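**Q** With the sequence up front, the predicted model follows.
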Amino acid sequence: MSQDAPTFSAPAGFESPPENDPGNNNSQAPGAFTRFRKRLSTLSVTGTRKKHPQEDSDPANGESVDEQPYVYTATPAAAAGEDEEAQAPAVPSKDITVPKRKASTRKSPTVPLAAPVPAPAPAPTPATTTGGTHYLNEPHMPSYSPSTRSLLGPKPSLRELYPSLEPYASGTLSVEGGLHSIYWELSGKKGGKPVVFLHGGPGGGTSGDDRRWFDPETYQILVFDQRGAGRSTPSASLEKNTTWSLIEDIEQLRVYVAGAPEKWHVFGGSWGSTLALAYAQTHPERVSALILRGIFTLRRSELEFFYQEGASHLFPDLFARYRDLIPEAERGDLIGAYHRRLTGDDEGVMLEAAKRWSQWEDGTCKLYVPIESLSKGDLDKRYLEFARIECHYFQNRGFFESDDYLLSPAQLSKIAHIPTTIVQGRYDVVCPAKSSWDLHVGLPEARYVVIPDAGHSAKEPGIRDALLKACDEYRGV
């Protein structure tokens, strides 16, 4: 034992037997000292450091520091699974004095110093609308548990949504000769800077929180439910329900509901980002800014990752429930198998398929409307809308002409001039970062904001904060 090592004195009743004691054979018959060592291993050492009278001694002036102790009070902590013999004698509280180590007089060998390593450049702060890659905090900042994070200091203060507000106008827009009725709302500042919110899914519908992304003193906010979703009717209808029909609806809403502004901002996440890109590429002259989150372009690789194999490696338990509804003979194409059940005539089979489909996605991100706020009837309706419409679009690959339609150079060149912010959660499983990165590569002037400790949901604190900042910055665009 080193001379500087602390010495622990055993409490009364736990003294070590002499080394020459023939009965000192702990390996065969645990004695009191062995039990003391077991109990000592479970001690929770806590307490307040007590200042020693010689605390202020200065070794540089020859004052002794050898007897400056750090005193802690040790109390026994219960150890789960201890045997009865180890728990029998209670260890009394005892002050354990640990002498302060002497200052070392050992000299380190002289080693040539290496050239100083320059400190990393600070992470860029998204203070302007210029392009580039931005991060919420530091680049590649890892996620920490709450206990570890508390040691590192508080996280940056993140913003909440704007306060709740009610629409000043609402109604329906009849399209396709009355085949579909589109529910819409206007809120915020009447005649203000126009912005349209595009919900996810397809089939997700809107909620009151969707108005709260935008400064109501600046923006005139249009929110609507896409065909077959939310309060639009008929519910879960697939007839004449395509990406291109939704783009026509957006234009009619701009003209007949929003007051026919020459341009407006377009906000969308997940499927909403798909529709926002498709609308902007079809009508680039009508878009003044794009605020996008969780990019989804409906490429085969994206669909296969989430619905066939990929996300299944991260959520195998949840994926098993989604997969096991389908017989093994059909599991080579799960989207196709679900599409057959969601468009069949058996309502029971349709509802069960809708639940399994929706709950798989719900298990990897938050549902747009919290489940606890819905009655069973509302939940069944939402499941059917979400699953039927979403699977309908995915089976038809978004009704796009090619797999990389939205990311093709020809299409991206149409919107390269539009101020764009792309917000992406680093750990988004539903819409992995590869798609948002590919979009940023094709639109290098767009601002690409990576949130290092977030997944898919727009309500995750870092994503919410970045989206609110983008909407505020685009008030002057």
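**A** Cool, got the structure.
**Q** Looking at this protein, which helix is longest?
**A** Using DSSP state H, we find that the single longest helix of the chain is helix 376-395.
**Q** In that one, which residues are buried?
**A** Residues of helix 376-395 classed as buried: 379, 381-395 (neighbour count, 16 or more other CB atoms under 10 Å). Quick note: C-beta positions are derived from backbone N, CA and C, even for glycine.
**Q** any chance you could map the helices in the stretch 101-250 of the chain?
**A** 146-152, 243-256 (DSSP state H, counting those that start in this stretch).
**Q** between these, which gets the lowest average pLDDT?
**A** The minimum mean pLDDT among the helices of the stretch 101-250 of the chain belongs to helix 146-152 (a mean of 40).
**Q** Can you show me the strands along the protein?
**A** For the chain, the strands defined by DSSP state E occupy 43-46, 69-76, 94-99, 132-135, 169-175, 180-188, 193-198, 219-224, 264-269, 287-293, 420-425, 447-451.
**Q** Out of the ones you listed, the one nearest residue 309 is which?
**A** When these are compared by CB to CB, strand 420-425 sits nearest residue 309, at 21.4 Å.
**Q** So what are the sheet partners of the closest one and their directions?
**A** Strand 420-425 has the following sheet partners, assigned by DSSP bridges: strand 287-293 (parallel), strand 447-451 (parallel).
**Q** Residue 288: neighbour count?
**A** A count of neighbours around residue 288, defined by other CB atoms under 10 Å, yields 17.
**Q** Ramachandran angles for the nearest residue to it once chain neighbours are set aside?
**A** Closest residue in space to residue 288, ignoring its immediate chain neighbours: residue 263 at 4.0 Å, by CB to CB, 6 or more residues apart in numbering. In terms of degrees, to the nearest 10, the main-chain angles of residue 263 are phi -140, psi 160.
**Q** Distance check, residue 263 against residue 205.
**A** 26 Å (CB to CB, to the nearest Å).
**Q** Those two: who's more crowded?
**A** residue 205 (26 against 17).
**Q** Skipping adjacent residues, who's closest to that one in space?
**A** Excluding its sequence neighbours, the residue lying closest to residue 205 (CB to CB, 6+ apart) is residue 230, at 2.9 Å.
**Q** how about the one you found, what does it touch?
**A** Shown in contact with residue 230 (CB atoms under 8 Å, 6 or more residues apart in numbering): 183, 199, 204-206, 385.
**Q** same thing with residue 259?
**A** The contact partners of residue 259, taken as CB under 8 Å, 6+ apart, are 191, 194, 220.
**Q** what's around the residue lying closest to residue 322 once chain neighbours are set aside, how many residues?
**A** Closest residue in space to residue 322, ignoring its immediate chain neighbours: residue 360 at 3.7 Å, by CB to CB, 6+ apart. Residue 360 has 24 neighbours, counted by other CB under 10 Å.
**Q** Next, find the distance separating residue 360 from residue 384.
**A** According to CB to CB, residue 360 stands 15 Å off from residue 384.
**Q** Likewise for residue 251?
**A** 28 Å.
**Q** Residue 250 now?
**A** For residue 250, the distance to residue 384 equals 24 Å [CB to CB].
**Q** now swap in residue 322 and tell me
**A** For residue 322, the distance to residue 384 - CB to CB - is 16 Å.
**Q** Could you do residue 414 as well?
**A** Using CB to CB, residue 414 is found at 36 Å from residue 384.
**Q** what does residue 432 give?
**A** Applying CB to CB, the value for residue 432 to residue 384 is 27 Å.
**Q** what's the answer for residue 301, then?
**A** To residue 384, residue 301 is 28 Å away according to CB to CB.
**Q** what do you get for residue 213?
**A** 27 Å.
**Q** now do residue 459
**A** From residue 459 to residue 384 the distance is 24 Å (CB to CB).
**Q** so where do the helices sit in the stretch 351-477 of the chain?
**A** So, for the stretch 351-477 of the chain - with DSSP H, counting those that start in this stretch - the helices run 376-395, 409-412, 433-442, 461-473.
**Q** closest to residue 224 out of these?
**A** When the helices of the stretch 351-477 of the chain are compared by CB to CB, helix 376-395 sits nearest residue 224, at 14.6 Å.
**Q** what does the closest one rub up against?
**A** Contacts of helix 376-395 (CB under 8 Å, 6+ apart): 201-205, 227-230, 235-236, 238, 241-243, 271, 298, 303, 307, 335-336, 338-339, 342-343, 350-351, 353-355, 357-358, 369, 371, 374, 399.
**Q** now the closest residue to residue 199 other than its chain neighbours: how far from residue 294?
**A** Residue nearest to residue 199 in three dimensions, not counting chain neighbours: residue 206, with 5.0 Å by CB to CB, 6+ apart. Using CB to CB, one gets 17 Å for the distance from residue 206 to residue 294.
**Q** Show me which of the two is the more surrounded one.
**A** Legend: neighbour count by other CB under 10 Å for residue 206 and residue 294, higher for residue 294 (29 against 24).
**Q** quick one: pLDDT of that one?
**A** For residue 294, pLDDT reads 98.
**Q** Next: residue 184.
**A** On the pLDDT scale, residue 184 gets 99.
**Q** number of nearby residues for the residue nearest to it when sequence neighbours are not counted?
**A** Residue nearest to residue 184 in three dimensions, not counting chain neighbours: residue 224, with 4.1 Å by CB to CB, 6+ apart. Using other CB under 10 Å, residue 224 is surrounded by 28 other residues.
**Q** what about residue 224, distance to residue 460?
**A** 25 Å.
**Q** ditto for residue 251
**A** Computed as CB to CB, the residue 251 to residue 460 distance reads 32 Å.
**Q** Neighbour count for those two, which is higher?
**A** The residue with more neighbours, out of residue 251 and residue 460, is residue 460; 20 against 13, by other CB under 10 Å.
**Q** That one touches residue 423, doesn't it?
**A** No. With contact defined as CB atoms under 8 Å, residue 460 does not reach residue 423; the gap is 10.2 Å.
**Q** Identify the contacts common to those two.
**A** residue 451.
**Q** what sits against residue 201?
**A** Counted by CB under 8 Å, 6+ apart, residue 201 has contacts 226, 229, 270-271, 386, 389-390.
**Q** returning to what we had before: so which one among the buried residues of helix 376-395 has the lowest pLDDT?
**A** residue 379 (83).
**Q** Name the nearest residue to residue 351, ignoring sequence neighbours.
**A** In this structure, residue 351 finds its nearest non-sequential neighbour in residue 380, 6.2 Å apart by CB to CB, 6+ apart.
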